[in-house]
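Trainee: Kindly generate the corresponding structure for this input.
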Amino acid sequence: MTRLKKMMVTVLLVLSASASFGQEMKVSETILPNGLKVLLKEEHKSPVVTFQIWYRVGARNEQLGKTGMSHLLEHMMFKGSKNYGPKQFSQVVQRNGGNDNAFTSKDYTAYFENFAADRLEIAMELEADRMQNLLLEPKAFLSERDVVKEERRMRYEDDPTNMMVEQMMATAFSAHPYQWPVIGWMADLGNLTRDDLYQHYRTYYAPNNATIVIVGDFDAKKVLPLVKKHFGSIPRGPEVPKVGAEEPKQQGEKRVIVKQEAELPAIFAGYKVPTIKHPDAYALNVLQGILSSGKSSRLYKSLIYDKQIALYAGGDYDDVSVDPHLFYVYAGVMPGKSTEEVEKAIYAEIERLKNDPVTDEELQKAKNQAEASFVMSQDSVFYQAMLLGQYETVANWKLFGQYLDAIRAVKKEDVQRVAKAYFTEDNRTVGILVPVKKQ
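Mentor: This is a model prediction of the structure:
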């Protein structure tokens, strides 16, 4: 079989798999009396299981002066609870052949354990304990706060490009909490107290603000009673405060210049766009594939191959978020080339999308890439659970099942329409990194 035929067969297999996935997700949903939502999806391909618990709390739920609480609390969740002392949580997981971790975003905080299927209940015991019995020892809090401050120093303040992007985000959002970084501002971290964190924990870490997602080799009829056994008696928490902030319509381009010790200039431009809850999200996803995804994208080919004015170029679309976020594009300036030249070239590619319909080949390729990426992720029980958890936490997990059909329905006119609607100068925030010499 020739290489071309093999590639065609692969694409056909992917599309066939995606069709069957879209038809029936086979996810069971249960809401316990205390408000805890439970999503179960059986996958019997291998004897493994992932247990994930998603809390609807992230940087979005914080306030200026107290930023970084959600991320710091994530760290503290590994520092001891009533039945498992400091460092014991991960040790128990590892002794049973599993692995665990956590992550915080602007919209959620999630924890997971991956085990052989017969060890699933261990995850329930561990997570139920720290949902209600976290110790938050003052000494451990002070130590971990210093750890997070050092993490911030290394990841942002010592990284000029990240520092520029952070400043660009702070400029893009004037009223909404998406303006500050998940890790928090350095001064705010220094101001946080153990009592601040305890109040945050008691407000947001409750069954009525959480979703459990379990995917893997198990019998749902046997697993649901176990979830009820470990989590059903945990009382509801207080009513979770709503985030009332709403970003006003942007009335003109915003720009921020960041001067840092750096090797080369960089450009980062973001456009405010709707989330996956909006019908335009699917056309924006296809547009992202055409404009800025990978080495075959228009930006990469134009700036790196054709014009040879950038070292790297790309972009992304933050569609799975609670509130409207950004579609952003970026480029690193080639030595000897100007920032203005590279920025102009980026906008030229965006104008092409607005003025001329994309080709049939580009459209189909972007759709195929989106479908293939979506379907390939289903090979992992972990990423199946991840996607279910993300969609449920920011919107509704059932949107996950609509994704493929919605992507397939995108037309050339839709791509051009959303480019015209959202990629305007007045809707743009630009960050420029200007290198300076060490003083």
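Trainee: can we go C-alpha only for contacts and neighbour counts from here?
Mentor: Noted.
Trainee: Could you grab the helix/strand/coil label for residue 214?
Mentor: With DSSP: H, G, I helix; E, B strand; the rest coil as the basis, residue 214 sits in strand.
Trainee: List the beta-bridge partners for it.
Mentor: Assessed by DSSP bridges, residue 214 has beta-bridge partners residue 40, residue 51.
Trainee: residues in contact with it?
Mentor: Neighbouring residues of residue 214 by CA atoms under 8 Å, 6 or more residues apart in numbering: 38-41, 49-52, 385.
Trainee: One more: residue 86?
Mentor: Residue 86 is in contact with 78-80, counting by CA under 8 Å, 6+ apart.
Trainee: Equivalent analysis for residue 362, please.
Mentor: Applying CA under 8 Å, 6+ apart to residue 362 gives the contacts residue 290.
Trainee: Need the CA coordinates for the helix or strand where it lies. CSV is fine.
Mentor: In the assignment (DSSP states H and E), residue 362 maps to helix 360-376. This file holds the C-alpha atoms of helix 360-376, laid out as CSV (Å, rounded to 0.1, in the frame of the first residue of the first chain):
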residue,chain,number,x,y,z
ASP,A,360,-12.3,24.4,-0.2
GLU,A,361,-9.0,22.6,0.5
GLU,A,362,-8.2,24.9,3.5
LEU,A,363,-11.7,24.5,4.9
GLN,A,364,-11.7,20.7,4.7
LYS,A,365,-8.2,20.4,6.0
ALA,A,366,-9.0,22.6,9.1
LYS,A,367,-12.2,20.5,9.7
ASN,A,368,-10.2,17.3,9.4
GLN,A,369,-7.6,18.5,11.8
ALA,A,370,-10.2,19.5,14.4
GLU,A,371,-12.0,16.2,14.1
ALA,A,372,-8.8,14.1,14.2
SER,A,373,-7.6,16.0,17.3
PHE,A,374,-11.0,15.5,19.0
VAL,A,375,-11.2,11.8,18.2
MET,A,376,-7.6,11.0,19.0
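Trainee: heads up, I number from 379, so please use that
Mentor: All right, first residue 379 from here; so that's helix 738-754.
Trainee: Following the chain onward from that helix, which element is next?
Mentor: Sequence order places helix 759-772 as the next helix or strand after helix 738-754, per DSSP H and E.
Trainee: What sits closest to residue 404 if chain neighbours are left out?
Mentor: In space, and not counting its chain neighbours, residue 404 is closest to residue 419: 6.3 Å by CA to CA, 6 or more residues apart in numbering.
Trainee: let me redo that: residue 497
Mentor: Using CA to CA, 6+ apart, the nearest residue to residue 497 is residue 474, at 7.3 Å.
Trainee: quick one: pLDDT of that neighbour?
Mentor: Listed pLDDT for residue 474 reads 98.
Trainee: backbone phi and psi for it, please?
Mentor: phi -100, psi 20 (degrees, to the nearest 10).
Trainee: what's the spacing between it and residue 501?
Mentor: Going from residue 474 to residue 501 by CA to CA, to the nearest Å gives 10 Å.
Trainee: excluding its backbone neighbours, what's nearest residue 451?
Mentor: Using CA to CA, 6+ apart and skipping the chain neighbours, the partner closest in space to residue 451 is residue 575 (6.5 Å).
Trainee: try residue 585
Mentor: Closest to residue 585 by CA to CA, 6+ apart is residue 414, at 4.4 Å.
Trainee: Count the neighbours of the closest residue to residue 682 other than its chain neighbours for me.
Mentor: Nearest residue to residue 682, sequence neighbours excluded (CA to CA, 6+ apart): residue 688, at 5.3 Å. Per other CA atoms under 10 Å, the neighbour tally for residue 688 reads 26.
Trainee: what does residue 700 give?
Mentor: Residue 700: 20 neighbours (other CA under 10 Å).
Trainee: so it sits right up against residue 774, yeah?
Mentor: No: taking CA atoms under 8 Å as the definition, residue 700 is not a contact partner of residue 774, at 10.5 Å.
Trainee: what's residue 501 in contact with, if anything?
Mentor: Contacts for residue 501 (CA under 8 Å, 6+ apart) come out as 429, 471, 491.
Trainee: Let me see the mean pLDDT of the helix or strand it falls within.
Mentor: Residue 501 is located in helix 498-510, with elements delineated by DSSP H and E. For helix 498-510, mean pLDDT rounds to 98.
Trainee: Which strands and helices lie in contact with the following helix or strand past it?
Mentor: With elements assigned by DSSP H and E, the helix or strand that comes after helix 498-510 is helix 516-530. Here helix 516-530 touches helix 447-454, helix 564-569, helix 572-582, going by 3 or more CA pairs under 8 Å, 6 or more residues apart in numbering; DSSP states H and E.
Trainee: Now tabulate those in JSON lines and tack on mean neighbour count.
Mentor: Listed next are those as JSON lines, based on neighbours: other CA atoms under 10 Å:
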{"stretch": "helix 447-454", "mean neighbour count": "23"}
{"stretch": "helix 564-569", "mean neighbour count": "15"}
{"stretch": "helix 572-582", "mean neighbour count": "16"}
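Trainee: now the ones you listed in JSON lines, with mean pLDDT and distance to residue 434?
Mentor: Shown next, in JSON lines, are these (pLDDT from 0 to 100; distance: least, CA to CA, whole Å):
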{"stretch": "helix 447-454", "mean pLDDT": "98", "distance to residue 434": "10"}
{"stretch": "helix 564-569", "mean pLDDT": "97", "distance to residue 434": "21"}
{"stretch": "helix 572-582", "mean pLDDT": "98", "distance to residue 434": "7"}
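Trainee: TSV for those helices, including distance to residue 642?
Mentor: Below are these laid out as TSV (distance: least, CA to CA, whole Å):
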stretch	distance to residue 642
helix 447-454	31
helix 564-569	26
helix 572-582	39
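Trainee: Nearest to residue 812, out of those helices?
Mentor: Among the helices and strands packed on helix 516-530, helix 564-569 comes nearest to residue 812, with 22.4 Å by CA to CA.
Trainee: what residues does that closest one touch?
Mentor: For helix 564-569, contacts defined as CA under 8 Å, 6+ apart pick out 442-447, 523, 527, 530.
Trainee: now stretch 435-445
Mentor: 446-449, 482-487, 555-556, 558-563, 565-567, 569-570, 582, 621.
Trainee: repeat for stretch 507-519
Mentor: By CA under 8 Å, 6+ apart, stretch 507-519 touches 454-455, 457-461, 572, 576, 583-584, 612.
Trainee: switch to 6 Å and redo it
Mentor: 458-460 (CA atoms under 6 Å, 6 or more residues apart in numbering).
Trainee: tell me which residues of that stretch are tucked away?
Mentor: Residues of stretch 507-519 classed as buried by neighbour count (16 or more other CA atoms under 10 Å): 507-510, 512-514, 519.
Trainee: Distance to residue 548 added to those, as CSV?
Mentor: Below are the buried residues of stretch 507-519 laid out as CSV (distance: CA to CA, whole Å):
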residue, distance to residue 548
507, 37
508, 33
509, 32
510, 34
512, 33
513, 34
514, 31
519, 27
